[in-house]
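Visitor: just to be clear, the model below is a prediction. Sequence and coordinates:
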Amino acid sequence: DVKVTQSSRYLVKRTGEKVFLECVQDMDHENMFWYRQDPGLGLRLIYFSYDVKMKEKGDIPEGYSVSREKKERFSLILESASTNQTSMYLCASSLAGRGEFYGYTFGSGTRLTVV
Amino acid sequence: DQQVKQNSPSLSVQEGRISILNCDYTNSMFDYFLWYKKYPAEGPTFLISISSIKDKNEDGRFTVFLNKSAKHLSLHIVPSQPGDSAVYFCAARDNFNKFYFGSGTKLNVKP
């Protein structure tokens, strides 16, 4: 069974802190993604990665960075947390390729509150 | 601009009746469409998908319909059960294997 594990379910941080959100998948998926979910806005893509050391900006990358040093791990970094980054953060992974359909497998999410 | 839209933020249905969740999209190059279900404090889980070359896909109580000319997707749940109460997201895949999600519809199935 594919598992995507996010290190924290709930996190409270102070404004200005550097925050690391970790995501690990155990199915050798090439693709990994970070989304945030906000009421009325759905899931918005922050960053994604199709390979180790590779990263691409999503729709809302401002204030975030990512790191993918190993295939199984994709880290989201909030350089200087702000209150408007209070949100549910979801990590997802998928196989690469377009010949067949590959959906996402999501982690359980991290609820981040910035105070 | 959102390429995938769910215009109904919520839907309330009586147990045993049909639930119909709707989704509209703008990009005619999307080749796969999916529905995800999300319970509070959990990540979304894949529910059902449909290829752009089909107009219907059925899996048990869940059926997804695709109307390409109208760029419209719908999910039918028959019969609805209280355990179906969740937020449902539709999503569409583009040429680069990137998925676009709608804003979600919260379904409440009343016993």
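Guide: Structure received. Numbers count the residues shown, from 1 in each chain, chains lettered A, B, ... in the order given.
Visitor: contacts for the worst-scoring helix or strand of chain B on mean pLDDT, please.
Guide: Among the helices and strands of chain B, strand B:99-101 carries the lowest confidence by mean pLDDT, DSSP states H and E, at a mean of 88. Strand B:99-101 is contacted by residues A:35, A:42-44, A:104, B:2-4, B:25, B:27, B:30, B:34, B:36, B:89-94 when judged by CB atoms under 8 Å, 6 or more residues apart in numbering or on different chains. (Each C-beta comes from the backbone N, C-alpha and C, glycine too.)
Visitor: change it to 10 Å
Guide: Applying CB atoms under 10 Å, 6 or more residues apart in numbering or on different chains, the external contacts of strand B:99-101 come out as A:33, A:35, A:37, A:41-45, A:48, A:59, A:92, A:94, A:103-104, B:2-6, B:23, B:25-27, B:30, B:32-34, B:36, B:44, B:89-94.
Visitor: counting contacts, what elements does the next helix or strand after that strand pack onto?
Guide: On the C-terminal side of strand B:99-101, the closest following helix or strand by DSSP states H and E is strand B:105-110. For strand B:105-110, the packing partners by 3 or more CB pairs under 10 Å, 6 or more residues apart in numbering or on different chains; DSSP states H and E come out as strand B:10-14, strand B:19-25, strand B:72-77, strand B:86-93.
Visitor: if we go to 7 Å?
Guide: The contact analysis (3 or more CB pairs under 7 Å, 6 or more residues apart in numbering or on different chains; DSSP states H and E) places strand B:105-110 against strand B:10-14, strand B:19-25, strand B:86-93.
Visitor: could you list every helix and strand in contact with whichever helix or strand comes after the second one?
Guide: Taking DSSP H and E as the definition, the helix or strand that follows strand B:19-25 towards the C-terminus is strand B:32-38. Taking 3+ CB pairs under 7 Å, 6+ apart as contact, the helices and strands that strand B:32-38 lies on are strand B:45-51, strand B:86-93.
Visitor: state the phi and psi torsions of residue 27.
Guide: Chain wasn't specified; assuming chain A. When read as degrees, to the nearest 10, the backbone of A:Met27 gives phi -120, psi 20.
Visitor: let me rephrase: I mean chain B.
Guide: According to degrees, to the nearest 10, B:Asn27 has phi -90, psi 110.
Visitor: residues contacting the closest residue to it other than its chain neighbours?
Guide: Leaving aside its sequence neighbours, B:Asn27 sits nearest to B:Gln3 (CB to CB, 6 or more residues apart in numbering or on different chains; 5.0 Å). Residues near B:Gln3 by CB atoms under 7 Å, 6 or more residues apart in numbering or on different chains: B:25-27, B:100.
Visitor: reformat these as a markdown table; add neighbour count.
Guide: Below are the contacts of B:Gln3 laid out as a markdown table (neighbours: other CB atoms under 10 Å in any protein chain shown):
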| residue | neighbour count |
| --- | --- |
| B:Tyr25 | 22 |
| B:Thr26 | 13 |
| B:Asn27 | 14 |
| B:Tyr100 | 22 |
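Visitor: now, which of these sits nearest chain A?
Guide: B:Tyr100 (8.2 Å; CB to the nearest CB).
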